[in-house]
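[1] return atomic coordinates for the entry below.
(4 chains)
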Protein chains: 4
Amino acid sequence: MIVKTNIRVIYGDTDAMGQAYHSNYLKWFEVGRAEWFRASGKTYRELEEEGIYLPVVEAHCSYLKPAFYDDLITVATEFSFAGPARLRFEYVISREDDLLTRGYTVHVCVNRDRKVMKPPEFLRTLLDAARETL
Amino acid sequence: MIVKTNIRVIYGDTDAMGQAYHSNYLKWFEVGRAEWFRASGKTYRELEEEGIYLPVVEAHCSYLKPAFYDDLITVATEFSFAGPARLRFEYVISREDDLLTRGYTVHVCVNRDRKVMKPPEFLRTLLDAARETL
Amino acid sequence: MIVKTNIRVIYGDTDAMGQAYHSNYLKWFEVGRAEWFRASGKTYRELEEEGIYLPVVEAHCSYLKPAFYDDLITVATEFSFAGPARLRFEYVISREDDLLTRGYTVHVCVNRDRKVMKPPEFLRTLLDAARETL
Amino acid sequence: MIVKTNIRVIYGDTDAMGQAYHSNYLKWFEVGRAEWFRASGKTYRELEEEGIYLPVVEAHCSYLKPAFYDDLITVATEFSFAGPARLRFEYVISREDDLLTRGYTVHVCVNRDRKVMKPPEFLRTLLDAARETL
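    I've put the predicted structure just below:
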């Protein structure tokens, strides 16, 4: 399952080079991830309400072309496991046919006390099902 | 007591007009407020540890001149009461002799359950003492 | 003409009090303003391409209730003149029937060299027309 | 040459998990990079004034431990070449003896028209000299 979401670049996202500042892409990855979960049937807010948190332990971004003010960009998000207790999301951000950035984030699953835990069964089932959906 | 703090404008603070984006000044007011508390003898982190929170209920900013990338700006912060349960901070941000922005924030005092309360006695004493210090 | 736009609160917008950090509302006002211009028939990007910039000279926000992670909030934006060369936008941010914040921004009109100028005739006509549209 | 800079975590940097939001580390890497250039004898602002820009083409961050509100953290920045026309900076962010994050950014050198160019001789000399300084 690849989930696509549109984002409008605002002035507050740009910098003095006249393009989107590079740290904003990590926020846009977060938008993509949140919409991926929403499409999977369970929002990240609902996961937190059940005591499950997925902090980022690694993030990577390759910047190919800049995004500019008022551009309508699209983040395409895909999920895969990166080990029994590590989740990985991959992101491609584009503007129409132009590929702008690629990146990924790796997450661990922790409980309310920030203890790392294996993803609970319902979450594994949900992730597996969503991954296999076209 | 007027407390002054220096801040360096980074690229991530600027926008496509080539100057600091206007919402950053509210963050810089926060820096000024935090340093005002530190100078008063009690940090805002310590207040929170005692169960006292001071959320912003009103914010105002007048933008006179822009700040640019790599500018070293100074925020001067002063405190006053805005009623028995409302705190007010005033801020002046300048770059050497140039006045860039003026603003204020108004805060209420709430407990861990977000109930508005009168500032506890030790906080009133601290605020009164700090206000009168040159 | 009141233009309404929806915004989803992301994790990156929240703070350690568990609610949206107060400076983000100025960014959301910018979103509302951009969509107001788009609805008026001319985007702010198009204005800039014609050499017209509308920097913020004053901003105000009253915070009534907090916004939380993953909330879908709505910014309603309305325009009025604040003098022959000053534009004023008013914003109301709500979550369903809950009014969260109210605010306004004041803007001057400057050319590429940052010289203040009267809004050109086409812009006055556009603003007047949009203001009177229901 | 490893250049160290202190940064104070503000409320606006934190998120609803009660810790610094992960995209801020890229901004703090920028702070480290700017101070590295300042220590090298030439600020990044001066480079830009000579028509040299160093946009980020790749960024990576590993998050080991969280930073919290009001923490005083230190970013240690080191430079190396990543090819004849690619610059690489490595960053370690710590809080006293606690290692919080590690990361790197890769940059290309572009001129005012965003054309990729080899770093000019004076910049290579400066980078080489700074790299060899203890």
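[2] contacts and neighbour counts: CA atoms only from here.
    Will do.
[3] quick one: the helices in chain A, in order.
    Taking DSSP state H to define them, one finds helices in chain A at A:24-40, A:44-49, A:121-132.
[4] now, of these, which is deepest in the fold?
    helix A:24-40 (a mean of 21; mean count of other C-alpha atoms under 10 Å in any protein chain shown).
[5] check which helices and strands that helix is in contact with.
    strand A:3-8, helix A:44-49, strand A:56-63, strand A:72-81, strand A:86-95, helix A:121-132 (3 or more C-alpha pairs under 8 Å, 6 or more residues apart in numbering or on different chains; DSSP states H and E).
[6] which secondary structure elements does the longest one sit against?
    I take that to be helix A:121-132. Checking 3+ C-alpha pairs under 8 Å, 6+ apart, helix A:121-132 ends up next to helix A:24-40, strand A:72-81.
[7] direction included, what does the shortest one pair against?
    Meaning strand A:72-81. Its sheet considered, strand A:72-81 pairs with strand A:3-8 (antiparallel), strand A:86-95 (antiparallel) by DSSP bridges.
[8] follow-up on the earlier one: quick one: the helices of chain A as CSV, columns for distance to D:Y63 and mean pLDDT too.
    What follows is those, written out as CSV (distance: least, C-alpha to C-alpha, whole Å; pLDDT from 0 to 100):
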stretch, distance to D:Y63, mean pLDDT
helix A:24-40, 14, 97
helix A:44-49, 20, 96
helix A:121-132, 23, 85
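[9] still on that earlier bit, which among the strands paired with strand A:72-81 is found nearest to D:N6?
    With C-alpha to C-alpha as the criterion, D:N6 lies closest to strand A:86-95 of the strands paired with strand A:72-81, at 31.7 Å.
[10] could you find the closest non-adjacent residue to the residue sitting furthest away from the middle of chain A?
    Here chain A reaches farthest from its C-alpha mean at A:A16, the gap being 26.4 Å by C-alpha atoms, centre = their mean. Nearest residue to A:A16 in three dimensions, chain neighbours excluded: B:G18, at 4.3 Å (C-alpha to C-alpha, 6 or more residues apart in numbering or on different chains).
[11] pLDDT score for that neighbour?
    B:G18 carries a pLDDT score of 95 in this model.
[12] before we move on, the earlier item: out of the helices of chain A, the one nearest B:L126 is which?
    Nearest of the helices of chain A (C-alpha to C-alpha): helix A:44-49, 38.2 Å.
[13] elements contacting the closest one?
    Checked by 3+ C-alpha pairs under 8 Å, 6+ apart, helix A:44-49 has helix A:24-40 packed alongside it.
[14] returning to what we had before: what's the distance between the residue farthest from the centre of chain A and B:E49?
    From A:A16 over to B:E49 the distance is 39 Å, taken as C-alpha to C-alpha, to the nearest Å.
[15] also A:V3?
    41 Å.
[16] try A:G32
    Distance from A:G32 to B:E49, by C-alpha to C-alpha: 35 Å.
[17] cool, A:P119 as well?
    In terms of C-alpha to C-alpha, A:P119 sits 32 Å off from B:E49.
[18] in chain A, which residue is most central in space?
    A:R33 (3.0 Å).
[19] the nearest residue to it once chain neighbours are set aside bridge partners, please.
    Distance criterion C-alpha to C-alpha, 6+ apart; nearest residue to A:R33, sequence neighbours excluded, is A:T77 at 6.5 Å. Per DSSP bridges, the residues bridged to A:T77 are A:V3, A:Y91.
[20] surely A:T77 meets A:R102?
    No. Under the criterion of C-alpha atoms under 8 Å, A:T77 is not in contact with A:R102, lying 10.2 Å apart.
[21] flag the shaky bits of chain A, pLDDT-wise.
    A:134 (pLDDT under 70).
[22] got the contact list for the residue in chain A positioned nearest to chain B?
    Relative to chain B, the nearest point of chain A is A:D15 (3.8 Å; C-alpha to the nearest C-alpha). The contact partners of A:D15, by C-alpha atoms under 8 Å, 6 or more residues apart in numbering or on different chains, come to A:Y21, B:Y11, B:G12, B:D13, B:T14, B:D15, B:A16, B:G18.
[23] tell me, how many residues neighbour the closest residue to A:A85 other than its chain neighbours?
    Nearest residue to A:A85, sequence neighbours excluded (C-alpha to C-alpha, 6+ apart): A:K118, at 5.0 Å. A:K118 has 14 neighbours, counted by other C-alpha atoms under 10 Å in any protein chain shown.
[24] repeat that for A:F68.
    Neighbours around A:F68, by other C-alpha under 10 Å: 22.
[25] phi, psi of A:Y21?
    For A:Y21, the backbone dihedrals (degrees, to the nearest 10) come out as phi -70, psi 140.
[26] indicate which one of the helices and strands packed on helix A:24-40 is closest to B:R124.
    helix A:44-49 (37.3 Å).
[27] more crowded one of A:T77 and A:R102?
    Neighbour count, other C-alpha under 10 Å: between A:T77 and A:R102, A:T77 has more, with 26 against 20.
[28] if I look at that one, how far off is A:D71?
    Counting by C-alpha to C-alpha - A:T77 and A:D71 are separated by 19 Å.
[29] do the same with A:M17
    15 Å.
[30] now A:G12
    From A:G12 to A:D71 the distance is 13 Å (C-alpha to C-alpha).
[31] likewise A:S23?
    The separation that A:S23 has from A:D71, given C-alpha to C-alpha, amounts to 17 Å.
[32] which one's more surrounded, the two?
    The neighbour count for A:S23 versus A:D71, taken as other C-alpha under 10 Å, is higher for A:S23 (20 against 15).
[33] between the two ends of stretch A:65-81, what distance do you get?
    28 Å.
[34] so what touches that stretch?
    Contacts for stretch A:65-81 (C-alpha under 8 Å, 6+ apart): A:1-11, A:13-14, A:18-20, A:28-29, A:32-33, A:36, A:87-96, A:98-101, A:127, A:131, B:16, C:45.
[35] contact partners for the residue farthest from the centre of chain A?
    Shown in contact with A:A16 (C-alpha under 8 Å, 6+ apart): B:Y11, B:T14, B:D15, B:A16, B:M17, B:G18, B:Q19, B:Y69.
[36] and what of A:T43?
    A:T43 touches A:A34, A:E35, A:F37, counting by C-alpha under 8 Å, 6+ apart.
[37] can you lay out the residues you listed as a markdown table showing distance to C:C109?
    As requested, the contacts of A:T43 are arranged in a markdown table below (distance: C-alpha to C-alpha, whole Å):
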| residue | distance to C:C109 |
| --- | --- |
| A:A34 | 38 |
| A:E35 | 38 |
| A:F37 | 43 |
